[in-house]
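Q: My questions are about this predicted structure, shown below with the sequence.
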Amino acid sequence: MPADRGLLTHELIHALQARLEQADWQIAQLRQSLYGPTSERVAQSELSPEQVLLSLFPAPDPPPATQDILQQATSQPPSPAPPACTPRQPALRELETVTERI
C-alpha cells in the first residue's frame, strides 16, 4: 500500500500544479483586462533611461505647415492688391488754412 500512497501524492502534486498554473493564467488575464496591455504599473527597472526620459519629456512638436507656405509665398513676386473702395469725397490735394480775428 505504500506504493499506492506515493502514486496518489504524485498525482495530487501534478493536479495541484496544474490548478496553480491555471490560477496564475487567470490572474494574468484579469490584470490585463483591468490595467490594459501596457499598464503604467510597469516596474522602472524594466524601462531604459531613454524611455524614462521620453515619457517625462515628449518629443517637440513638428513645425507648423504654414512655415513652408510662407517660404513659398516670399519666393514669388507679390501680386498687386485690388483697389479699395473709392472714397465718397475726393482726397484733398492742398490744405488751405484761414485765420480770422474776432
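A: That came through fine.

Q: Can you find which helix in this protein contains the most residues?
A: Using DSSP state H, we find that the single longest helix of the chain is helix 2-35.

Q: Mind checking the pLDDT average for that helix?
A: Regarding helix 2-35, the rounded mean pLDDT is 82.

Q: Kindly report the same for stretch 81-90.
A: In this model, stretch 81-90 carries a mean pLDDT of 73.

Q: First-to-last residue distance for it?
A: Stretch 81-90 has an end-to-end distance of 21 Å (criterion: C-alpha to C-alpha, to the nearest Å).

Q: do stretch 80-96 as well
A: Stretch 80-96 has an end-to-end distance of 34 Å (C-alpha to C-alpha).

Q: Can you list the neighbours in contact with that stretch?
A: By C-beta atoms under 8 Å, 6 or more residues apart in numbering, no residue outside stretch 80-96 reaches it. Yep, even glycine has a C-beta here, placed from its N, CA and C like the rest.

Q: Residue 47 - how many residues pack around it?
A: 13 (other C-beta atoms under 10 Å).

Q: before we move on, what about the one 3 residues further on?
A: Counted with other C-beta under 10 Å, residues neighbouring residue 50 total 8.

Q: who touches it in this structure?
A: Counting by C-beta under 8 Å, 6+ apart, there are no residues that residue 50 touches.

Q: Return the backbone torsion pair for it.
A: phi -70, psi -40 (degrees, to the nearest 10).

Q: Next: the one 4 residues further on.
A: When quoted as degrees, to the nearest 10, the phi and psi of residue 54 stand at phi -70, psi -30.
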